[in-house]
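Enquirer: coordinates only, sequence not included:
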């Protein structure tokens, strides 16, 4: 009986602590991968072909593409170790600017929260600054897509900002430059509400968001190359 009384007393305290930790007063990026990974999975083309996972890191997006039937190559600047192997999945450690891929090789390019880091010194062993590396990499990948191919892109959005050694945030100025060379087939924008939960929002509201080093909005796109 005493134990039951103790439980009854501490349960409200634990509940309040849980919500305080889960929904802090300041928004953060917690749960961003849930939005991005679900977007990629939901928009994978139905007909398999050849896929490239650009800046794959340790995510399982390349594995999802392989399981969908795509002959998938994952590429990153740093070594990657997965806890699985798949006959349709291989990894190469290389720079997208020196990949050796032939033009119009891929039916699909997965570009999930990667392009914003390209050319920022101190990020992923980058030692030489490339201020427009993100835009240049997008142009390079446009060449690698087949005319009917698609890119699935997720990026930070908000007021145009660069946080050195971390990432860029794309707003009204740089976002059009990043997407130049592509047709936008589908787009979604997400921000956090006052409970630190991701919610869908209008493009204008997402791009007006004031970001910081630990928080920004999310932009999700299905793109086709302008061929």
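Expert: Thanks, I have the structure now. In this text, all values refer to a predicted model and were calculated from it rather than measured experimentally.

Enquirer: the strands in the protein, which residues?
Expert: Here the chain has its strands, by DSSP state E, at 50-54, 71-76, 89-93, 106-112, 145-157, 161-163, 167-169, 182-192, 198-201, 217-225.

Enquirer: Turn those into TSV, columns for mean pLDDT, distance to residue 43 and mean neighbour count.
Expert: Yep, even glycine has a C-beta here, placed from its N, CA and C like the rest. Conversion of the strands of the chain to TSV gives the following (pLDDT from 0 to 100; distance: least, C-beta to C-beta, whole Å; neighbours: other C-beta atoms under 10 Å):
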stretch	mean pLDDT	distance to residue 43	mean neighbour count
strand 50-54	98	13	26
strand 71-76	98	16	22
strand 89-93	97	19	16
strand 106-112	98	10	23
strand 145-157	97	6	22
strand 161-163	96	27	16
strand 167-169	97	22	25
strand 182-192	98	7	17
strand 198-201	98	15	14
strand 217-225	98	5	23
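
Enquirer: export those to TSV and tack on distance to residue 124?
Expert: Formatted as TSV, the strands of the chain follow (distance: least, C-beta to C-beta, whole Å):
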stretch	distance to residue 124
strand 50-54	12
strand 71-76	8
strand 89-93	11
strand 106-112	15
strand 145-157	16
strand 161-163	15
strand 167-169	11
strand 182-192	24
strand 198-201	25
strand 217-225	20
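
Enquirer: and of the ones you listed, who's closest to residue 31?
Expert: Relative to residue 31, the nearest member of these by C-beta to C-beta is strand 198-201, separated by 5.7 Å.

Enquirer: May I have the strands that pair with the closest one, each with its orientation?
Expert: Strand pairing for strand 198-201, using DSSP bridges, gives strand 182-192 (antiparallel).

Enquirer: Report the distance from the strand it pairs with to the chain centre.
Expert: Here the centre of strand 182-192 is set off from its chain's centre by 12 Å, with C-alpha atoms, centre = their mean, to the nearest Å.

Enquirer: Likewise for stretch 41-58?
Expert: Taking C-alpha atoms, centre = their mean, one finds stretch 41-58 lying 12 Å from the centre of the chain it belongs to.

Enquirer: Would you mark the buried spots in it?
Expert: Neighbour-count burial for stretch 41-58 flags 43-45, 48-57 (criterion: 16 or more other C-beta atoms under 10 Å).

Enquirer: List phi and psi for residue 166.
Expert: Note on residue 166: backbone dihedrals following degrees, to the nearest 10 are phi -110, psi -70.

Enquirer: If you tally nearby residues, what's the number for the nearest residue to it once chain neighbours are set aside?
Expert: Spatial nearest neighbour of residue 166, chain neighbours left out: residue 213 (6.2 Å); criterion: C-beta to C-beta, 6 or more residues apart in numbering. Residues near residue 213, counting by other C-beta atoms under 10 Å, number 11.

Enquirer: The one 3 residues further on too?
Expert: Applying other C-beta under 10 Å, we find 29 other residues in the vicinity of residue 216.

Enquirer: Find the nearest non-adjacent residue to it, please.
Expert: Looking at residue 216 with C-beta to C-beta, 6+ apart, the closest residue is residue 156, at 4.1 Å.

Enquirer: Quick one: low-confidence residue ranges for this structure.
Expert: Counting by pLDDT under 70, the chain has low-confidence residues at 1-25.

Enquirer: roughly how far apart are the residue lying closest to residue 172 once chain neighbours are set aside and residue 156?
Expert: Closest residue to residue 172 apart from its sequence neighbours, by C-beta to C-beta, 6+ apart: residue 207 at 5.3 Å. Using C-beta to C-beta, to the nearest Å, we find residue 207 at a distance of 11 Å from residue 156.
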